[in-house]
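# my questions concern the predicted model and sequence given below.
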Amino acid sequence: MSIVVRDPHRTDRATADAFAAFGVATVHEAQHRTGLLDPALRPVWPGAHIAGTAVTVSVPPGDNWMIHVAVEQCREGDVLVIAPTSPSQAGYFGDLLATAVAARGVRGVVVDAGCRDVADLRRMGFPVWARHICAFGTVKETLGEVNTPIVCAGQRVEPGDVVVADDDGVVVVPRRSAPALLGACRTREEKEAANRARYARGELGLDVNAMRERLARKGLTYTDREPTDDH
Ligand SMILES: O=C([O-])CC(=O)C(=O)O
Ligand SMILES: [Mg+2]
């Protein structure tokens with residue numbers, strides 16, 4: 001059965017948007033090192049940082065028909081997350097589809113397959129994270145699904161989940177845990193800010209994080225060079 005789910009539950013806009021203040025590494029750490037998509041997914045141009053709500057698309061290999069179907073389901077603040085049912089390098093997504101989704105307020109696209117027209121995407125400032133940059137064309141023959149749970153680059157993504165992406169990669173946050181995770185991200189950022197300030201003053205991680213005793217318990221020893229060894 002091939003279905004399109006209209007208007008799935010989405011993480012509320014303010015919560016999803018607030019994640020844009022945090023890097024992918026922070027979000028991944030704050031949710032106990034879960035949710036990171038395969039790091040083989042790279043930004044097709046550097047410097048973009050987005051957060052938004054997932055519209056999911058399950059596509060057959062080499063066939064991007066369902067992306068056209070998905071465009072209609074997109075709205076302001078969404079991120080289109082596309083996964084083929086078996087691996088494909090084909091260029092599913094390019095500047096034409098980017099123009100269509102950008103017109104609907106989509107923040108960016110994550111595709112576990114190929115993306116093309118990269119120079120145009122960069123000029124447009126439209127962010128895409130993809131496994132391949134590849135000009136191979138796709139066909140429009142076979143149905144897939146829109147807004148059903150998918151596995152994209154090794155992670156389960158449900159429609160309405162929060163997707164955060166930057167130069168480090170892509171992380172997904174389940175809709176139900178998103179509000180609480182925001183607090184954990186803030187706590188982590190505050191701790192890092194405090195540590196960063198101490199490192200900038202020249203303090204050592206060994207002291208800032210009270211590591212010396214634990215290192216000694218593990219058996220780390222220091223030896224002073226004998227003056228007679230001086231040759
Ligand atoms: O049209 C396609 O098949 C993909 C593409 O290149 C575009 O969206 O510009
Ligand atoms: Mg194109």
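Yep, it's here. Ligands and ions are numbered 1, 2, ... in the order given.
# quick check: the spatially closest residue to residue 195 that is not a sequence neighbour vs residue 202, distance?
Excluding the flanking residues, the one nearest residue 195 by Cβ to Cβ, 6 or more residues apart in numbering is residue 208, at 5.8 Å. Where you see a C-beta, it was placed from the backbone N, CA and C, and this is true even at glycine. Going from residue 208 to residue 202 by Cβ to Cβ, to the nearest Å gives 11 Å.
# comparing those two, which shows the higher neighbour count?
residue 208 (12 against 6; other Cβ atoms under 10 Å).
# what's near enough to touch the more buried one?
The contact partners of residue 208, taken as Cβ atoms under 8 Å, 6 or more residues apart in numbering, are 195, 198-199.
# buried ones in the longest helix anywhere in the chain?
Selection of the longest helix in the chain by residue count, based on DSSP state H, yields helix 178-200. Along helix 178-200, these residues count as buried under the neighbour rule (16 or more other Cβ atoms under 10 Å): 178, 181-182, 184-185, 188.
# for that helix, packing partners?
The contact analysis (3 or more Cβ pairs under 8 Å, 6 or more residues apart in numbering; DSSP states H and E) places helix 178-200 against helix 13-18, helix 24-30, helix 205-208.
# hang on, the earlier thing: closest to ligand 1 out of the contacts of residue 208?
Nearest to ligand 1 among the contacts of residue 208: residue 195, at 43.8 Å, using Cβ to the nearest ligand atom.
# helix/strand/coil for the most centrally placed residue in the chain?
Nearest residue to the geometric centre of the chain (Cα atoms, centre = their mean): residue 170, 1.3 Å. The three-state assignment at residue 170 reads strand, by DSSP: H, G, I helix; E, B strand; the rest coil.
# which residues does it bridge with?
residue 165 (DSSP bridges).
# residues in contact with it?
Residues in contact with residue 170 (Cβ under 8 Å, 6+ apart) are 24, 36-37, 41, 110, 129, 153, 163-164.
# try it again at 10 Å.
If you count contacts by Cβ atoms under 10 Å, 6 or more residues apart in numbering, residue 170 has them with 24, 28, 35-39, 41-43, 50, 79, 81, 108, 110, 112, 129, 152-153, 155, 157, 163-164.
# quick one, which of those residues are buried?
Applying 16+ other Cβ under 10 Å to the contacts of residue 170, the neighbour count classes 24, 28, 35-37, 41-43, 50, 79, 81, 108, 110, 112, 129, 152-153, 155, 157, 163-164 as buried.
# quick one: stretch 211-224 to chain centroid distance?
In this view, stretch 211-224 has its centroid 38 Å away from the chain centroid, taken as Cα atoms, centre = their mean, to the nearest Å.
# contacts for it next, please.
Residues from elsewhere that reach stretch 211-224 (Cβ under 10 Å, 6+ apart): 204-206.
# for the protein, which residues are neighbours of ligand 1?
Taking Cβ under 6 Å from any ligand atom as the measure of proximity, the chain contacts ligand 1 at 64, 91, 93-97, 116-117, 138.
# residue 16: how many residues sit nearby?
Neighbours of residue 16 under the rule other Cβ under 10 Å: 27.
# gap between it and residue 173?
Residue 16 is 9 Å from residue 173, where distance means Cβ to Cβ.
# what's the overlap in contacts for those two?
Contact criterion Cβ under 10 Å, 6+ apart; residues shared by residue 16 and residue 173: 51, 54, 161-164, 182.
# residues from the protein in reach of ligand 2?
Counting by Cβ under 5 Å from the ion, the residues of the chain lying close to ligand 2 are 94, 96, 117.
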